[in-house]
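Peer 1: Mind folding the following:
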Amino acid sequence: MTIIALTGVASFSGARWTLIVAGGFNAWFILALTVIRIRDGRGREAVRRAYVATFGWGAYVTP
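Peer 2: So this is what the prediction gives:
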């Protein structure tokens, strides 16, 4: 889903906005991972939870 969104932005707006949007996704993921780690998240579980918080694909990541 994220790749589709970035491809759409790239086709309509060019590389500059694609990098800005990708940077926003990256910043949100890092923020979510930091908050989860502070709240005692560990290892792969912390990364999984940050991924779900960022991209909202819980049904695909979580069985």
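
Peer 1: so how far is the strand or helix carrying residue 26 off the chain centroid?
Peer 2: Using DSSP states H and E, residue 26 sits within helix 15-38. In this view, helix 15-38 has its centroid 6 Å away from the chain centroid, taken as CA atoms, centre = their mean, to the nearest Å.

Peer 1: Can you list the helices and strands that that helix packs against?
Peer 2: helix 2-13, helix 43-55 (3 or more CB pairs under 8 Å, 6 or more residues apart in numbering; DSSP states H and E). All C-beta spots, glycine's among them, are computed from the backbone N, C-alpha and C.

Peer 1: quick one: contacts of stretch 15-25?
Peer 2: Identification of contacts with stretch 15-25 by CB atoms under 8 Å, 6 or more residues apart in numbering yields 2, 5, 6, 9, 10, 54, 55.

Peer 1: Please identify which pair of these lies farthest apart.
Peer 2: 10 and 54 (19.6 Å; CB to CB).

Peer 1: before we move on, the earlier item: just the buried residues out of the contacts of stretch 15-25, in ChimeraX syntax.
Peer 2: For the buried members of the contacts of stretch 15-25, the matching ChimeraX selection, counting by 16 or more other CB atoms under 10 Å, is:
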select :6,9,10,54,55
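
Peer 1: and the contacts of stretch 15-25 as JSON lines, adding pLDDT and distance to residue 29?
Peer 2: Formatted as JSON lines, the contacts of stretch 15-25 follow (pLDDT from 0 to 100; distance: CB to CB, whole Å):
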{"residue": "2", "pLDDT": "71", "distance to residue 29": "10"}
{"residue": "5", "pLDDT": "77", "distance to residue 29": "14"}
{"residue": "6", "pLDDT": "80", "distance to residue 29": "14"}
{"residue": "9", "pLDDT": "84", "distance to residue 29": "17"}
{"residue": "10", "pLDDT": "86", "distance to residue 29": "19"}
{"residue": "54", "pLDDT": "82", "distance to residue 29": "4"}
{"residue": "55", "pLDDT": "78", "distance to residue 29": "8"}
